[in-house]
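K.L.:
From the sequence below, what's the structure:
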Amino acid sequence: MLMASLMALIFMGGRFLKQSPSRRAAEHRAPASNAGTAGRTEENTTRGDSATSRPAAEPSSAPDGSASSDAGAAGRSGAFYLSEEGRLYFVLEGEVLDATSGQPIEDFTVEATLVRSLAYGGPKTVQIERTDEPQGRFQIEGMGLGEWRVTGRAEGYAPSTQTVTLDAVDANPFLVIPLSGGTEVSGQVVDPQGRPVEGARVGLEPCFATKPPRSCRLVVTATDGRFLLVGAPAEEAFAVRAEHPRYGEAVRRDLRRAEGETEHVLLELSGILKVYGRVMRGVKLEPVADAQVRVRDPELETKTKADGTYQLFMPATAHPDVRVVRFNRGGSLVEFTTHPKGRSAEPIRWVEAETHVAELEKNFELESENTRLYGTVTDESGTPLSDVRLSVANSRGWKKGGREHETFPVETRTDAVGRYQIEHIQSHAGYEVRARVSEGNWVELGYVNVREESEVEANFQLGSGAIRGTFVHAETGKPFRMAARDCDGLGAERLGPGAFFIGPKCHDDGRFEFEKVPPGKYRLQDRAPWMNPPQEVSAVEVEVGASQIVDGVQLRVRGEEADTWKLRVTDERSRVLSGPVLRYQKDRTLYTSSLQVGPDGIASFSLSRAHPLAYIDHTGHESQPLDLAGRDPSLVIEVQLRRAP
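P.N.:
Below you'll find the predicted structure:
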């Protein structure tokens, strides 16, 4: 039926289709007696073939995705064939009414968004705005075949959305959009330390878009941080947003209330964080000018001044990943990131300033040593792999002290014969190397120790073999439970030129396994003995063939076993904090680990019994000591953190 009608349109050469008999616009208005039903913000469905007709007149211009220039004039709605573009389009007429009184609304916005297309070409979104329109009429041109979501908005009213399906060529659609007062949102806006914020802008989230609907209304908080927002949607989910130039932003989503009800919310602003520091180079730490400094989330970037300094401002919603982008001598792009001394949670300081509430210092030291890491990357058969993307990250601490922040390169690529090189990295450290071939997933190649300031060769090879076994007590031979942090220090060192380590996967019952192992001879041992691990592992040598799985290996361990602990970290208002950091110390060395919080708000970690005292850190909060001595590992530990002064 539809195809036959389309062929008829083409045969007519673009002439306007004959419409069905017209009716008066007043017949489409929602009567005042039905205001209780019409006032709800519901998504109704109107089909083009069941819509009533409108009086006919020639359209003033060809559709271009914008609205008709005269909504009040009697114009034609219905289906048109545009011969020069070879497609069918519709003109939708309608009116916007007050759902309670049934009277037209004079100042409104109507937007149509394509949900499901039944034809190629045409605009995806069309929008009109009407000011001082006594009849509340509108006319939208350029709507193609398909299903459209039409939303009406006006100041002081809740948005109303309906779905219109345009799929019949004899349709003459007319849409009535009733708007009601919706629901109200009242509440308070506070800063990251819980103090009321004056002058924050509050509104529905779409009103903060780059091009918000004209009818959007934002309110400003009073001296006590309180606000009242009217016209939020009823019976459907909506989001409320607050912004302040110094105190940042906050969003509450999935709010829902019935018509006439009030939602009460507390919006805690993130605060604006100032990240600053210097980029320096060489042993003498000379300033680097015009160095690109960037943050990945949110996407920000700047360049250093002549003295090597920089500063960035961002919402303090997460811990920023700040990097310096450089090109090494081989022409490969290298990014440098920074961690604080001890690799613990970085010291964010709360300050009183006009532009921000917190500060974080991040300094970069580039090319401060003459250490060079180089080698080749091959597949399992030994064939060199070109243009492989390599990710290199520090993974096993820093023996050499004296620098507040350490730096290391993050990415490079292999050349045409599979070679790579990274210059001026820090020595006395362990590095994890991963590879990404073509557009595949990241694959862990292994680890390499850079013990001294020199040239270090590490030749990596992709493999498919495996080494599996268990940790056992050196004295009793029974399974030994190894904490994840301690097990991470174990490595399978490939013997021979260009040696490297492969890291293990450890299980709570004392089992371990090394995956994707290339053929060769390996020594299983601690890969960073200078880090003073809490257990002593006796080394064992194993030989692996191509795609071979070596099972039943036993590693004898001396030291304290680990327990698995569970904890819930909350703030002073008993809200669960995501991303807490576990910190403990052993022989003047700090160990830290980010904890993953589950849907129930509980995080778990394994810790050796040799470390009964630990600390819980979180950005912007005071550290809390965690004494594990005498505790039952089966019980959840409740930890409450206070805001940093």
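K.L.:
Name the residues of stretch 515-525 that are buried.
P.N.:
For stretch 515-525, burial by neighbour count (16 or more other C-beta atoms under 10 Å) applies to 515-520, 522-525. Glycine gets a C-beta too; all of them are placed from N, C-alpha and C.
K.L.:
One more: stretch 374-383?
P.N.:
Neighbour count says stretch 374-383 has 374-378 buried, by 16+ other C-beta under 10 Å.
K.L.:
Mind checking which of the residues you listed are in strands?
P.N.:
Judged by DSSP state E, the buried residues of stretch 374-383 include 374-378 as members of strands.
K.L.:
Next, format the residues you listed as TSV and append pLDDT.
P.N.:
Below are those laid out as TSV (pLDDT from 0 to 100):
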residue	pLDDT
Y374	91
G375	92
T376	94
V377	93
T378	93
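K.L.:
Tell me how many other residues crowd G465.
P.N.:
A count of nearby residues for G465, using other C-beta atoms under 10 Å, gives 20.
K.L.:
Pairing-wise in the sheet, spell out the partners of it.
P.N.:
V517 (DSSP bridges).
K.L.:
From G477, how far off is it?
P.N.:
27 Å (C-beta to C-beta, to the nearest Å).
K.L.:
Out of the helices and strands in the chain, which is least certain?
P.N.:
helix 35-38 (a mean of 32; mean pLDDT, DSSP states H and E).
K.L.:
What is the end-to-end distance of stretch 309-325?
P.N.:
15 Å (C-alpha to C-alpha, to the nearest Å).
K.L.:
Now it: average pLDDT?
P.N.:
On average, the pLDDT along stretch 309-325 is 83.
K.L.:
Shouldn't G194 be within a strand?
P.N.:
No - using DSSP: H, G, I helix; E, B strand; the rest coil, the assignment for G194 is coil, not a strand.
K.L.:
could we number from 16 for the rest of this?
P.N.:
That works, and once the first residue is 16, the last one we named lands at G209.
K.L.:
What count of nearby residues applies to it?
P.N.:
Neighbours of G209 under the rule other C-beta under 10 Å: 12.
K.L.:
pretty sure it is touching L281, no?
P.N.:
No - between G209 and L281 there is no contact under C-beta atoms under 8 Å: 9.5 Å.
K.L.:
which residues touch stretch 320-327?
P.N.:
Residues outside stretch 320-327 that contact it (C-beta atoms under 8 Å, 6 or more residues apart in numbering): 289-295, 301-304, 306, 308, 310, 315, 317-319, 335, 337.
K.L.:
are any of these buried, and which?
P.N.:
Among these, those classed as buried by 16+ other C-beta under 10 Å are 289-295, 303, 306, 308, 310, 319, 335, 337.
K.L.:
got JSON lines for those, with secondary structure and distance to V465 too?
P.N.:
Putting these into JSON lines (DSSP: H, G, I helix; E, B strand; the rest coil; distance: C-beta to C-beta, whole Å) gives the following:
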{"residue": "K289", "secondary structure": "strand", "distance to V465": "34"}
{"residue": "V290", "secondary structure": "strand", "distance to V465": "28"}
{"residue": "Y291", "secondary structure": "strand", "distance to V465": "29"}
{"residue": "G292", "secondary structure": "strand", "distance to V465": "24"}
{"residue": "R293", "secondary structure": "strand", "distance to V465": "25"}
{"residue": "V294", "secondary structure": "strand", "distance to V465": "22"}
{"residue": "M295", "secondary structure": "strand", "distance to V465": "20"}
{"residue": "V303", "secondary structure": "coil", "distance to V465": "23"}
{"residue": "A306", "secondary structure": "coil", "distance to V465": "24"}
{"residue": "V308", "secondary structure": "strand", "distance to V465": "25"}
{"residue": "V310", "secondary structure": "strand", "distance to V465": "27"}
{"residue": "T319", "secondary structure": "coil", "distance to V465": "27"}
{"residue": "P335", "secondary structure": "coil", "distance to V465": "27"}
{"residue": "V337", "secondary structure": "strand", "distance to V465": "23"}
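K.L.:
Can you convert those residues into JSON lines and add a column each for distance to Y462?
P.N.:
Shown next, in JSON lines, are the buried ones among the contacts of stretch 320-327 (distance: C-beta to C-beta, whole Å):
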{"residue": "K289", "distance to Y462": "36"}
{"residue": "V290", "distance to Y462": "30"}
{"residue": "Y291", "distance to Y462": "33"}
{"residue": "G292", "distance to Y462": "29"}
{"residue": "R293", "distance to Y462": "30"}
{"residue": "V294", "distance to Y462": "28"}
{"residue": "M295", "distance to Y462": "28"}
{"residue": "V303", "distance to Y462": "29"}
{"residue": "A306", "distance to Y462": "29"}
{"residue": "V308", "distance to Y462": "28"}
{"residue": "V310", "distance to Y462": "28"}
{"residue": "T319", "distance to Y462": "32"}
{"residue": "P335", "distance to Y462": "27"}
{"residue": "V337", "distance to Y462": "25"}
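K.L.:
Which of those sits closest to T180?
P.N.:
In terms of C-beta to C-beta, no member of those lies closer to T180 than V310, at 44.8 Å.
K.L.:
So the closest one is in contact with V337, correct?
P.N.:
Yes - applying C-beta under 8 Å, one finds V310 in contact with V337, separated by 5.5 Å.
K.L.:
Between these two, which contacts overlap?
P.N.:
290, 327.
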